[in-house]
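Trainee: here are the coordinates; sequence isn't available:
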């Protein structure tokens, strides 16, 4: 059976602030089906001025610290972009998309269901690479 894609009601362009954007990303990722051992922190990275829109870039860094290893060997980053159109009415919701570290595939919250396996794969690949070096 196809699982229901979870999403939130994204803020409108005229109500957007950098901090509200970060809080909305936090609200969105709180619905992801990840084990409670995963911890994350989110931060605003930069604002990008384009011809027809403004983009706000954020990073959410994920890890699984343990009692034995409170500083994890590797982390996995998910990069979010909140885009506000300069052409469309400011009363419309912002556009949101995200990419995973080491991937160019663009995900849209309304079109995909996040998988915890994606985070595990990034961390496992980093550990394998570190062991080879």
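Mentor: Cool, got the structure. Quick caveat: nothing in here was measured; it's all calculated off a predicted structure.
Trainee: so where is this structure shaky, pLDDT-wise?
Mentor: Applying pLDDT under 70 to the chain picks out residues 1-3.
Trainee: could you pull out the strands for it?
Mentor: 39-49, 53-63, 76-85, 95-100 (DSSP state E).
Trainee: how about the first one: buried residues?
Mentor: Within strand 39-49, the residues scored as buried using 16 or more other Cβ atoms under 10 Å are 40, 42, 44. Heads up, the C-betas are built off the backbone N, CA and C, glycines and all.
Trainee: enumerate every residue touching residue 98.
Mentor: 78-81, 106-107, 109 (Cβ atoms under 8 Å, 6 or more residues apart in numbering).
Trainee: and the furthest pair within those residues?
Mentor: Across these, no pair lies farther apart than 79 and 109, at 13.5 Å, counting by Cβ to Cβ.
Trainee: just to revisit the earlier point, redo the strands of the chain as CSV? Include distance to residue 120.
Mentor: Listed next are the strands of the chain as CSV, based on distance: least, Cβ to Cβ, whole Å:
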stretch, distance to residue 120
strand 39-49, 14
strand 53-63, 10
strand 76-85, 8
strand 95-100, 11
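Trainee: go through the ones you listed and name the closest to residue 10.
Mentor: With Cβ to Cβ as the yardstick, what comes closest out of those is strand 95-100 (5.8 Å).
Trainee: that'll do, ta.
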